[in-house]
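Student: have a look at this prediction, sequence included:
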Amino acid sequence: MVSFCRSFIVDFTNIAASLYKLLHKDKAFDWSIDCETAFEKLKYTMITAPVLAHPDTCKSYIMYTDASNVGIGASLHQNQDDGMIRTIAYDSRKLLPAELNYCASSKKLLRLYMASISSIIMYTAHAQNYSLITAP
């Protein structure tokens, strides 16, 4: 159920990383303190209401992206009629084994590649990403 709601949970992949490690069939099931902490944090996120806005397809989207050593993530936002920038949704996923070897810039570019939405304003901590994306 929590995975179904992952688009509404900030940093889902990083929070759930220790729980996903329990799913490997070649490893023993070891419910650690990290697993308990992740489980409790995810339970808490399920009972607290995030402040999300409904998307307006006539307006531009704003997307923030990030990458870690565990996964890649993005959050989608829009300017609302009240002048506030509100979150529409969150997205994250665990990096594949081959992707774990990518450098930080490549991980962030992977995130941008996967989030193919038109009419977005992009904010990134790596300025070289902009030139890579806008180059012919």
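Tutor: Received, thanks. Numbering: from 1, shown residues only.
Student: dump the residue contacts of residue 74.
Tutor: For residue 74, the contact set (C-beta atoms under 8 Å, 6 or more residues apart in numbering) comprises 63, 64, 65, 66, 90, 91, 92, 111, 114, 115. Where you see a C-beta, it was placed from the backbone N, CA and C, and this is true even at glycine.
Student: show me the beta-bridge partners of it.
Tutor: According to DSSP bridges, the partner residues bridging residue 74 are residue 65, residue 91.
Student: what ranges does the protein have for its helices?
Tutor: Under the criterion DSSP state H, helices of the chain are mapped to 12-20, 33-47, 104-114, 127-134.
Student: ok, of those, where does mean pLDDT dip lowest?
Tutor: Per-segment mean pLDDT for the helices of the chain reaches its minimum on helix 127-134, at a mean of 59.
Student: quick one on the thing from earlier: take the contacts of residue 74 and lay them out in CSV including neighbour count and distance to residue 14.
Tutor: Written out in CSV, the entries for the contacts of residue 74 read as follows (neighbours: other C-beta atoms under 10 Å; distance: C-beta to C-beta, whole Å):
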residue, neighbour count, distance to residue 14
63, 19, 18
64, 17, 15
65, 23, 14
66, 18, 10
90, 20, 12
91, 18, 13
92, 24, 7
111, 23, 13
114, 12, 17
115, 18, 17
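Student: please name the nearest non-neighbouring residue to residue 66.
Tutor: In this structure, residue 66 finds its nearest non-sequential neighbour in residue 73, 5.5 Å apart by C-beta to C-beta, 6 or more residues apart in numbering.
Student: so for the one you found, what's the pLDDT?
Tutor: Per-residue confidence (pLDDT) for residue 73: 82.
Student: this completes my enquiry, with thanks.
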